[in-house]
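# Have a look at this fold, sequence not included:
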């Protein structure tokens with residue numbers, strides 16, 4: 001079973017380059033958040049959080065940020081119980 005999608009459905013992929021030390025710091029952040037009991041962040045989530053912080057310091061209003069970065073609603077998994085009595089009767 002795959003990991004639930006945590007990015008917007010209309011998000012387009014892009015490429016970034018990280019140095020070795022930047023990649024190591026990112027991994028440390030992932031470990032730290034996991035130890036705190038939070039979900040392991042993806043690189044996309046970390047970059048999005050960082051962009052929001054920069055925009056706040058540039059004076060963007062909370063309304064503008066909420067329009068650009070809407071909260072993703074997570075739907076629960078659909079669980080189906082499969083009966084053990086699925087044998088055909090002869």
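Here it is on my side, so go on. Please read all numbers here as calculations on a predicted model, not as lab measurements.
# who's in contact with residue 36?
With contact set as C-beta atoms under 8 Å, 6 or more residues apart in numbering, residue 36 has no partners. Quick note: C-beta positions are derived from backbone N, CA and C, even for glycine.
# What's the local residue count around residue 31?
Look at residue 31: counted by other C-beta atoms under 10 Å, it has 11 neighbours.
# how about whichever strand or helix holds it: buried residues?
When elements are assigned from DSSP states H and E, residue 31 belongs to helix 20-35. Going by neighbour count (16 or more other C-beta atoms under 10 Å), the buried part of helix 20-35 is 26, 30.
# just checking, what packs against that helix?
Using 3 or more C-beta pairs under 8 Å, 6 or more residues apart in numbering; DSSP states H and E, the elements in contact with helix 20-35 are helix 43-57.
# buried ones in the helix it packs on?
Using 16+ other C-beta under 10 Å as the test for burial, helix 43-57 gives residue 48.
# can you list the residues that contact it?
Taking C-beta under 8 Å, 6+ apart as the rule, helix 43-57 contacts 6, 7, 11, 16, 26, 29, 41, 64, 65, 68, 69.
# Mind picking the lowest-pLDDT entry from these?
In terms of pLDDT, the least confident member of the contacts of helix 43-57 is residue 6, at 71.
# burial count for it?
By other C-beta under 10 Å, 13 other residues sit near residue 6.
# Repeat that for residue 7.
So residue 7, with other C-beta under 10 Å, has 13 neighbours.
# With that, I have no additional questions.
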